[in-house]
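> Okay, predicted coordinates and the sequence, questions at the end:
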Amino acid sequence: MTERVGVYVCHCGSNIAGVVDVVDVANWAAEKLGRRGVIIARDYKFMCSSLGQELIEKDIKELGLTRIVVAACSPHLHEKTFRIAAKNAGLNPYLVELASIREQVSWVHTDKAVATAKAKAVVSGAVSRVIENQALEEIKVPINPNTLIVGGGIAGIQAALEIANAGFHVYLVEREPSIGGHMSQFDKTFPTLDCSACILTPRMVEAGTHPNITLLTWSEVTKVTGYVGNFNVTIKKKARFVNEELCTGCGICQEKCPKKVIDEVYEAGLGYRKAVYTPFAQAVPNFPVMDKENCTYFIKGTCKACEKFCPTGAIDFKQEDQLINLDVGNVILATGYDLFDARRVRNDGYGRLPNVFTSLEFERLSNAAGPTNGNIVLRDGKSTPKSVGIIHCVGSRDRNFNNYCSVICCMQGLKFAHLVHERTGATVYNFYIDMRTAYKAYDEFYQRVLEEGTLFVRGKVAEVTDAARNEREKGKLIIQVEDTLASKQRRIPVDMVILSSGLQPRRDSKDVGKLFGISCSTDGWFTEKHPKLDPVATMTEGIFIAGCAQGPKDIPSSVAQGAAASARVLDKILQKEVALEPVRASVDKATCSGCRICNGLCPFNAISFIEDDQVTEINPALCQGCGTCVAACPAGAISGTGFSNEQIIAQIDGLLMKNLEMV
Amino acid sequence: MNKYLLYPGCSMDSSARAYLESLNTILEPLDLQLDEIEDWNCCGATEYLGINLIPAYSLIARNLALATKQMDSVNGTGGTRTVITPCSACYLNLAKADHYMQERPALGAKVNEALSAGGLEYKPGTLDVRHLLDILVYDIGLDAIKRKVTRPLNGLKVVPYMGCMLPRPDYKHRWSDHEHPTELDDLLRALGADVIDYPLTTECCGGHMTQIGPETAFELIRRLIAGAHERGAYLMAAVCPMCQLNIDAYQLETNRFFHTHYHMPILFFTQLMGLAFGREPAELGIGAELVSARNALAHIGVEVPVTQEPATPRKKDEGLPMPRRWTRHEEKEAVK
Amino acid sequence: MPQMTDERVRAGLNREEDLSLLNEVSVKTAGVSHLEMCIQCGTCGGSCPAAMDMDHTPRMLFAMLRAGMREEVLRSNTPWICVSCYHCVVRCPQEVHIADVMYTLKGMAIKVKLYSDSTAPHFSQTFVDMVETYGRSFELGLASRHYLKHFPLRLPGIMPMGFGMLTKGRIDVAPRRIKQMKQLKAILSRAKKLELTS
Ligand SMILES: Cc1cc2nc3c(=O)[nH]c(=O)nc-3n(C[C@H](O)[C@H](O)[C@H](O)COP(=O)(O)OP(=O)(O)OC[C@H]3O[C@@H](n4cnc5c(N)ncnc54)[C@H](O)[C@@H]3O)c2cc1C
Ligand code: SF4
Ligand code: SF4
Ligand code: SF4
Ligand code: SF4
């Protein structure tokens, strides 16, 4: 049967028509491609409008079209639109082909004649290809209603609560002994200066006691298989050496443990914990973990003080790591950020000059539950600073380190200025390049800090040094900076320097991304599906992201993303099943030589090897039809539905205008 | 045998003769062989670049081109692509020409066009330009150096002065740090010296400003000398002829200008190496300095029994712990 | 519009904004200058050990470049005070090749004879002349000649130094000459006809 093809050339306002002679392309197609089955070719202002779609539907019905080519924008944008139009008119949606004459033609060319000629070639290729297209059916799979959330910071907690409150089960996996994330380390939060613990603890407790939430702390995801609606994940629950059933969280063990360790995580290296510990008083869950590397018993074979004193016999030195296997339908990654390591900025002196502190260190210093009970003191542990310099943009907006703005550190620098002023009465300087206080009530906070008498110097600090040049500088830290508004180099002696270090992706973000089959930006933040219109979805169906894992942001935005991601998950759960694109690769087992070249290549982990048959197999639900394996197979055993050899060759022939008398 | 091409630079046989003499004494113990680039010319210091760009780079590149002629056979036995310079300004100029001829192909083409007038050519990237200190620390190694020490400099309080043009801009990431590099500290420590932490180690000595804007230079020199003096140094160790010259020869003038009375000798690090290797001051050009190092060296003339360097046990006090020390290794990790 | 003298016309100066200035400096600088990337953060001006003697901090000079203030920029003593310590270069968050831009500005200022009353251009020129004659420099001979011409009053001050250097054998009485002076001259005279234009 010969196919009856309809070609529709879109003007896209002047986007395409401004460069491509669309009328000429349509006329040409009608005239020259008739031999290939084109029986109608039209041009129209906006094909994607409802009138444009109706045009196609009408032609299908009235002219009995069996194939459609829309020459318009990239398939990324409107392929779905036109497939639905075809479906509405009773035509299999996979018999529609988009020819991109906007992104690939009008937007990249200026010469009208050449652009028009190229547009014709692209249309010709699409027509040849669409004839080889086959009717495909969507793959439907049921959705498991359970959700996995990785990361128990404020973003992860928010998402967990939303889904749990909607009546679905959540597994919340947290690497540290307690949920809470960075927020649990802070004293006050900008811009309203609420006490961080006061607003966070209720949420943590709610998550810890919610019947629909299973907390898995001191745990990490080690393996992920499956696909949207049907993921299978393996979680390593590290040995706590404390029996969670028996422990009452009384804390006697930590009190009795003789081994003191610097707490690099929760206390940011400024305070100590024991070898058996809960990181902070309000920890959820509140039973401790034992840190094997530092426990005297594990090192020397004797001690067991904790075991001796535990009133419930909960200490269990024989506990082992546990692997837990779960089925979930959707995943939210809310793994947050790491603080930029300020030791890398050598001129700021952190690590060399004792009284240079990082932002997280300062959070601990100012926290009533911190190592100094909230007293803002120098590293000697007792002196109160009389002057403090707060340096913005440490490691951010700097091509030597991270090129991006870390978003929160201006506000955090202002928060510190306020806290120092309020608690010590010290003179406070803030050194900034640009003051970035966008968002609600933020600039008002800046005004407030100005009113308090903080001295602002516009200039990126050149160096912090202890090399005094005169008596005034002796024994001080000297901040050397150009006051760019006064165009003058200044040396400002202070007692204490606080570095507003930037945020950066988790050290293992690329590995975690790979584990879940999602990509990271060059900086290392998880990449969202669309930077504006789809900020919490990813290119992998069923995997969502929220909070700082997606990029630097403040608490309100992290919470909003947590809620947004949960809404997307609930949407999936409530659909009960999910339709998968039938564009898939498959292996012809008879042709596969078992060479395994393709095995490691799939970016979506869809390829596995069947040892028994010595051939490769592709899981159609995981495969996203990217074609990497198709191109790699030396035996030609893999072909892609929707991208068969016949289709590709026909398209190339079409592009080259083969079998076409050129006029 | 460690073989290198040598670009000595103009000062080595005039104002910095002591540098050359002392360098010659450590070659044999460290199994170093240096092959001087035949008919090398001045690198232009910091002067030529500001006058006319292409001639300036061509002047530098002539040396690189000449070096490539010798690189396949050093004294008839096997080759090397490494050119070493003992002067930081020469080092930077040679390294910079190599780097920019690559970064800016237009510059590379023009320079080669000029070189061709003299029948020469230089393909950027062919040579490795390195400073003497870099070679000693990273190729020869501190252990090998330590093994040759027969007169440890115990008790000699010295500030390591790296100067500015050596660790910066560091196109090839050869140094541990731009701001507070530790190579010179480590080397002096290997000689047994009492190395003082000197935060000014990479501050500028004033460069050519001693000639054209002495007030500016005197202030820079004052900061350096005062910094060394306040930290109790007997002397400073230099790795560059210009640094040594400015701090040594202009110290008197600086004192006069500020009404100060500093007496801060500055020796080349190779002179200190020679001493530690058992050579006598006269063989090392010691005495050629204008601010005499005699009193400073008297400290090691006195027979102080060799003592192990204390492992500085930290007193247990109420203080808060400091973050861990930053290492090159971590920097590499972080950048990954 | 103000009257333009012949000299000003020759130097390409007028009071209008000169939009080509930034680009010209960029092109004439060795390497890739990144000058257009400057965010005016002041790290350079803060780092500079010689800032106290400069007419403008490096940052400010770059702002003036953008504003097309050709005459003011080329008259500024800043490039001549720069000691090439590269502190600013390694710290600049935008990787601007600051020190190299300073060299470019010196060259441009010399071309149109527009530098402050600094003696630096004379010093550099004397140095260059010496290198072009001998192939080697001979710093202290040069230094004393330079001092004689520009700081005669200070000479007694440096005399003891010069004397000390001489008696300690640290000053060459005559500069050394390289063997292939002809070759070097050929290279330099060809080089002088070339310029970075793109
Ligand atoms: C010094 C400082 C002060 C700040 N002050 C304020 C403020 O006052 N107001 C404000 O709005 N914002 C403030 N912020 C920003 C705020 O910290 C963040 O917006 C917020 O904490 C982000 O929450 P999150 O859940 O995305 O990430 P995080 O808080 O980082 O939580 C991520 C969680 O995931 C866990 N995790 C990571 N990787 C894994 C893994 N592979 N497996 C399992 N678990 C994992 C972590 O252990 C952590 O518990 C401040 C930031 C800093 C640095
Ligand atoms: S002493 Fe026992 S019950 Fe109390 S916190 Fe420790 S393990 Fe739990
Ligand atoms: S938020 Fe402010 S301090 Fe932080 S990187 Fe951006 S501009 Fe710098
Ligand atoms: S440091 Fe760099 S970005 Fe900042 S003002 Fe100077 S040149 Fe511009
Ligand atoms: S290189 Fe020049 S401008 Fe830059 S800091 Fe050094 S002296 Fe100042």
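The structure has been received and is ready for your questions. Only a predicted model underlies this, so the values are computations on that prediction, with no experimental measurement involved. Ligands and ions are numbered 1, 2, ... in the order given.

> tell me the contacts of the residue in the stretch 401-550 of chain A that ligand 1 sits nearest to?
When CB to the nearest ligand atom is the measure, the stretch 401-550 of chain A has its nearest residue to ligand 1 at residue A:547, with 2.3 Å between them. C-beta: built from backbone N, CA, C; applies to glycine. With contact set as CB atoms under 8 Å, 6 or more residues apart in numbering or on different chains, residue A:547 has these partners: A:151, A:153, A:154, A:155, A:156, A:334, A:336, A:553, A:558, A:561, A:562.

> and the closest residue to ligand 2 within chain C, what element?
Evaluated by CB to the nearest ligand atom, chain C has residue C:93 as its residue closest to ligand 2, separated by 48.1 Å. For residue C:93, there is no host helix or strand (DSSP states H and E).

> I'd guessed it sits against residue A:400; true?
Yes. Using CB atoms under 8 Å, residue C:93 is in contact with residue A:400, at 6.7 Å.

> between those two, which one's more packed in?
Neighbours were tallied for residue C:93 and for residue A:400 using other CB atoms under 10 Å in any protein chain shown; the higher tally belongs to residue C:93 (21 against 15).

> got a list of what the more buried one touches?
For residue C:93, the contacting residues are A:393, A:397, A:398, A:399, A:400, A:460, C:39, C:41, C:43, by CB under 8 Å, 6+ apart.

> Not counting residues beside it along the chain, what's closest to it?
The shortest distance from residue C:93 to any non-neighbouring residue, by CB to CB, 6 or more residues apart in numbering or on different chains, is to residue A:398 (3.7 Å).

> which SS state does that neighbour fall under?
Three-state assignment for residue A:398 (DSSP: H, G, I helix; E, B strand; the rest coil): coil.

> how near is whichever residue of chain B sits closest to ligand 5 to ligand 2?
At 6.5 Å from ligand 5, residue B:204 is the closest residue in chain B, using CB to the nearest ligand atom. Between residue B:204 and ligand 2 the distance is 59 Å, computed by CB to the nearest ligand atom, to the nearest Å.

> Name the SS class of residue A:225, please.
Assignment for residue A:225 (three-state DSSP): strand.

> about what we covered before: which two in the contacts of residue C:93 are spaced the farthest apart?
Greatest spatial distance among the contacts of residue C:93 (CB to CB): A:400 and C:39, at 13.5 Å.

> hmm, which of the contacts of residue C:93 are the buried ones?
A:393, A:397, A:398, A:460, C:41, C:43 (16 or more other CB atoms under 10 Å in any protein chain shown).

> Which ones among these also lie next to ligand 4?
Subset of the buried ones among the contacts of residue C:93 in contact with ligand 4: C:41, C:43, counting by CB under 6 Å from any ligand atom.

> Test for you: state the pLDDT assigned to residue B:1.
At residue B:1, the model reports a pLDDT of 69.

> what's near enough to touch the residue positioned nearest the centre of chain C?
The C-alpha lying nearest the average C-alpha coordinate of chain C belongs to residue C:106 (CA atoms, centre = their mean; 3.6 Å). For residue C:106, the contact set (CB under 8 Å, 6+ apart) comprises B:50, B:51, C:79, C:80, C:115, C:120, C:121, C:124.

> Next, it: secondary structure please.
State at residue C:106, reduced to three classes by three-state DSSP: helix.

> could you measure it against residue C:128, distance?
Computed with CB to CB, to the nearest Å, the distance linking residue C:106 and residue C:128 is 12 Å.

> Could you pull out the residues contacting both of those two?
Jointly contacting residue C:106 and residue C:128 under the rule CB under 8 Å, 6+ apart are residue B:51.

> Any buried residues in stretch A:633-653, and which?
Residues of stretch A:633-653 classed as buried: A:633, A:637-644, A:647-648, A:650-651, A:653 (neighbour count, 16+ other CB under 10 Å).

> ranges for the helices of chain C?
With helices called from DSSP state H, chain C shows them at C:6-10, C:21-28, C:43-47, C:58-66, C:70-75, C:78-81, C:87-91, C:98-111, C:120-134, C:139-150, C:155-167, C:181-191.

> Nearest to residue A:493, out of these?
Distances from residue A:493 to each of the helices of chain C were compared by CB to CB, and the smallest falls on helix C:43-47, at 14.9 Å.

> name the helices or strands packed onto that closest one?
For helix C:43-47, the elements it packs on are strand A:477-483, helix C:58-66, helix C:87-91, judged by 3 or more CB pairs under 8 Å, 6 or more residues apart in numbering or on different chains; DSSP states H and E.

> The second one to helix C:98-111, inter-axis angle?
Read it as helix C:58-66. 50 degrees (axes from the mean of the first three to the mean of the last three CA atoms, to 10 degrees).

> What is helix C:58-66 packed up against?
helix C:21-28, helix C:43-47, helix C:70-75, helix C:78-81, helix C:98-111.

> And for the last one?
Packing partners of helix C:87-91 (3+ CB pairs under 8 Å, 6+ apart): helix C:43-47, helix C:98-111.

> Give me the average confidence score over that helix.
Averaging pLDDT along helix C:87-91 gives 96.

> Need the helices and strands packed on helix C:87-91 in CSV (columns: mean pLDDT).
Formatted as CSV, the entries for those read as follows, by pLDDT from 0 to 100:
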stretch, mean pLDDT
helix C:43-47, 97
helix C:98-111, 94
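
> Tell me how far residue C:33 lies from ligand 1.
For residue C:33, the distance to ligand 1 under the criterion CB to the nearest ligand atom works out to 35 Å.

> low-confidence ranges in the chain?
The chain I'm using is chain A. Along chain A, the model assigns pLDDT under 70 to residues A:1, A:659-663.

> Correction: the question concerned chain C.
Along chain C, the model assigns pLDDT under 70 to residues C:1-17, C:116-118, C:138-164, C:166-169, C:171-175.

> now with 90?
By pLDDT under 90, the weakly predicted segments of chain C are C:1-20, C:31, C:111-177, C:195-198.
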